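Trainee: From the sequence below, what's the structure:
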Amino acid sequence: MTALYLHGLPGSGAELALAGRAMAVLDRDAPSFAQLALRLPEGPLHLVGFSLGAACALRLAALAPEKVARLTLISAAAPLEMGDFLPRMAGAPVFRMAQGAARMAALTSVQSALARVSPGLFLKLLMRGTDASDAALFRRETALLRQIMQYGLGPGQAAYLREITAYVRPWARHVAHVGCPVTLHHGSEDRWTPPAMAEALAAALPHAELIRHAGLGHYATLHRVLSRGMDSKPARPFEGP
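Mentor: Predicted structure coming up:
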């Protein structure tokens, strides 16, 4: 089975380097999810999605069930209409802006300039409200996270704009068409995608397993899952990323 990684947004395939993991990265440079599904390689495929990459993976599994045989979703972003999530999301202002394409394009231009000219300040703003595990990971991997964000808001900006504006529109209907096995990994301290999102997805998906990671945030859960193996389950409480 071929594994393909779908990174977060803004983000890049360099997220895999947070845990020294090697995996093919899905190129999401397509004008629509339908066209991206058509461009998927022949299956069976194991899609590994992080954050908004998990939302994309769910759509692709619904659109191309003959190719997608398995999903692993880490810190998954669920459809907003599946619960009252937005007030608990650290990125709520961005998602509200994304409801207007012109406003989101303007915001992304500002974010891109800030990430390029003052990456240190951009990361400090990004870290606002993060939990202890994510804050520790950000401090340790500052250079790599700068690289990830600069790519996501630079060469990867078109995919970011396209997918985030699609994300804030209703799309829960796609979830019901995902028939493959799904493993959800979610941290109890996630401030970007609240744990209630993973719980809602686990309840809606017919073949889903939810693995909870106590004491971990958004990126710290990604680090834990990639470094220990995507089928591993937490053996003890969090002691550091």
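Trainee: quick one, strands of the protein?
Mentor: Using DSSP state E, the strands of the chain run over 2-6, 24-25, 45-50, 68-74, 182-187, 208-213.
Trainee: quick one, what contacts residue 109?
Mentor: Neighbour list for residue 109: empty [criterion: CB atoms under 8 Å, 6 or more residues apart in numbering]. (C-beta placed from N, C-alpha, C; glycine too.)
Trainee: got it, and residue 206?
Mentor: 178-179.
Trainee: measure residue 219 to residue 174 for me?
Mentor: Distance of residue 219 to residue 174, computed by CB to CB, to the nearest Å: 26 Å.
Trainee: cool, and residue 9?
Mentor: 17 Å.
Trainee: Looking at those two, which is more packed in?
Mentor: residue 9 (25 against 17; other CB atoms under 10 Å).
Trainee: I'd guessed that one sits against residue 52; true?
Mentor: Yes: with contact defined as CB atoms under 8 Å, residue 9 reaches residue 52; the gap is 4.3 Å.
Trainee: residues near the residue nearest to residue 56 when sequence neighbours are not counted, how many?
Mentor: Excluding the flanking residues, the one nearest residue 56 by CB to CB, 6 or more residues apart in numbering is residue 6, at 5.3 Å. For residue 6, the neighbour count with other CB under 10 Å is 27.
Trainee: show me the contacts for residue 6.
Mentor: Residue 6 makes contact with 25-26, 28, 47-50, 53-54, 56-57, according to CB under 8 Å, 6+ apart.
Trainee: Mind putting those into a markdown table with pLDDT?
Mentor: Shown next, in a markdown table, are the contacts of residue 6 (pLDDT from 0 to 100):
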| residue | pLDDT |
| --- | --- |
| 25 | 96 |
| 26 | 96 |
| 28 | 94 |
| 47 | 98 |
| 48 | 97 |
| 49 | 98 |
| 50 | 98 |
| 53 | 98 |
| 54 | 98 |
| 56 | 98 |
| 57 | 98 |
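Trainee: Can you say which two of these are spatially most distant?
Mentor: Farthest-apart pair in the contacts of residue 6 is 25 and 54; separation 14.5 Å (CB to CB).
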